[in-house]
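Engineer: Sequence and computational prediction follow.
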Amino acid sequence: MVRKLLWWTACGASAILSIFFLFVGISLCIASYNLKHPYHFILTFFASNLIILISVVVIIAIIIRVISRLRQGDPQSALETARVAGDSTKNNLRQ
């Protein structure tokens with residue numbers, strides 16, 4: 001139960017941090033257009049796009065993990081069921 005709570009807390013914290021950095025990257029990208037020096041514009045623009053890209057990738061990874069976790073159900077109960085049923089590979093080898 002504690003492990004499940006820690007997993008959901010870590011996913012939530014990662015999602016909140018990623019959304020925060022996504023907004024920081026977007027605001028940095030918008031602010032880069034107000035820069036006068038072309039070199040500063042290029043560096044700021046590409047840095048903001050890198051921040052946005054990493055944030056979006058982390059958000060997508062979290063969404064995929066949550067969806068797969070919800071579809072899979074409780075993995076702990078699946079392990080307990082396998083232990084109760086025994087190892088089926090031994091029976092297949094004897095036949």
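Structural biologist: Yep, that arrived.
Engineer: Flag the shaky bits of this protein, pLDDT-wise.
Structural biologist: Within the chain, the ranges that satisfy pLDDT under 70 run 74-95.
Engineer: how about the helices of it, start to end?
Structural biologist: Taking DSSP state H to define them, one finds helices in the chain at 2-32, 38-72, 75-85, 88-94.
Engineer: ok, L35 - contacts?
Structural biologist: Each residue near L35 by CB atoms under 8 Å, 6 or more residues apart in numbering is listed here: 41, 44. From N, CA and C alone the C-beta is placed, and that goes for glycine too.
Engineer: With adjacent residues omitted, what lies nearest to C11?
Structural biologist: I62 (5.5 Å; CB to CB, 6 or more residues apart in numbering).
Engineer: The one you found and S68, how far apart?
Structural biologist: To S68, I62 is 11 Å away according to CB to CB, to the nearest Å.
Engineer: and those two? which has more neighbours close in?
Structural biologist: I62 (16 against 9; other CB atoms under 10 Å).
Engineer: wait, doesn't the more buried one sit right on I16?
Structural biologist: No - assessed by CB atoms under 8 Å, I62 is found out of contact with I16, at 10.2 Å.
Engineer: Any figure for the gap between the most centrally placed residue in the chain and A47?
Structural biologist: With distances taken as CA atoms, centre = their mean, I62 lies nearest the centre of the chain, 2.6 Å away. To A47, I62 is 23 Å away according to CB to CB.
Engineer: How about S27?
Structural biologist: In terms of CB to CB, S27 sits 12 Å off from A47.
Engineer: Would you mind telling me which of these two has more residues around it?
Structural biologist: Legend: neighbour count by other CB under 10 Å for S27 and A47, higher for A47 (14 against 11).
Engineer: And for the closest residue to the more buried one other than its chain neighbours, the neighbour number?
Structural biologist: Spatial nearest neighbour of A47, excluding adjacent residues (CB to CB, 6+ apart): L28 at 7.1 Å. By the measure other CB under 10 Å, the count of residues near L28 is 17.
Engineer: again with G73
Structural biologist: With other CB under 10 Å as criterion, G73 counts 9.
Engineer: Since that was my last question, I'll sign off now.
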